[in-house]
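Sharing a model prediction with you, sequence too.
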Amino acid sequence: MKLVIIFGPQAAGKMTVGHELEAITDLKLFHNHMTIELVHPFFDFGTPAFERLVTLFREKMFEEVAGSDLYGIIFTYVWAFNSPSDWAFIEKTKSTFEAAGGEVYFVELQATLDERLRRNVTPHRLAHKPTKRNVQRSEENLKLSMKTHRLYSHDGEITHNRYLKIDNTHLSAAETAMRIKQTFDL
């Protein structure tokens, strides 16, 4: 069982790369907006009920997948490195898979702000993430999160032996996915 966590700031290409990686491996994509979009019609983003349900759905999915005979999954995540709760979430998720004998892979995507703003409005992104369709609000959130959260790791901060950092500003999603597949022999 394999868990590939693709993380980076909003619109760095996590979901799109995840779709490409899914297409060239036996991994299944579980992008973070799958739970967000499920809960959002009922509870506003950031409310206690929203946070509780999103977390619960993700944890239960991880537990079921970790105990299954699937080859593995790809999970995408905006990891705020200055948030202890984000570190705890990543550690708990990693532990769920490792306790079941699984292997965990970390992939950090980086892209320039200009490229992220361009990607923020692509048809692929908007088709899969209804909550991003208010483009003005989405762009404001993207910029605000850069001021309130540290969205990139420091050199040496992630010590996991299966870790890859990619600046994909000038790479296609297919090129990025192929680099991930080849680096980790997926």
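Cool, got the structure. Keep in mind that what you see is a predicted model, and the values were worked out from it rather than measured.

use CA for all of it now, contacts and neighbours both
Noted.

Identify the bridge partners of the residue nearest the centre of the chain.
Geometric centre of the chain, nearest residue: T76, 1.5 Å, by C-alpha atoms, centre = their mean. The partner list for T76 in beta bridges (DSSP bridges) reads I6.

Which residues are in contact with it?
5-7, 14-15, 18, 30-32 (C-alpha atoms under 8 Å, 6 or more residues apart in numbering).

Over to E22?
Under the criterion of C-alpha under 8 Å, 6+ apart, the neighbours of E22 are 28-29, 74.

can you pick the most crowded of the residues you listed?
Greatest neighbour count in the contacts of E22, by other C-alpha atoms under 10 Å, goes to I74: 24 neighbours.

gap between whichever helix or strand it is part of and the chain center?
For I74, the element it lies in under DSSP states H and E is strand 72-77. How far strand 72-77 lies from its chain's middle: 6 Å, per C-alpha atoms, centre = their mean, to the nearest Å.

quick one on the thing from earlier: now tabulate the contacts of T76 in CSV and tack on neighbour count and distance to R162.
Converted to CSV, those look like this (neighbours: other C-alpha atoms under 10 Å; distance: C-alpha to C-alpha, whole Å):
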residue, neighbour count, distance to R162
I5, 24, 11
I6, 25, 12
F7, 24, 14
K14, 29, 17
M15, 27, 20
G18, 26, 17
F30, 20, 20
H31, 21, 20
N32, 18, 21
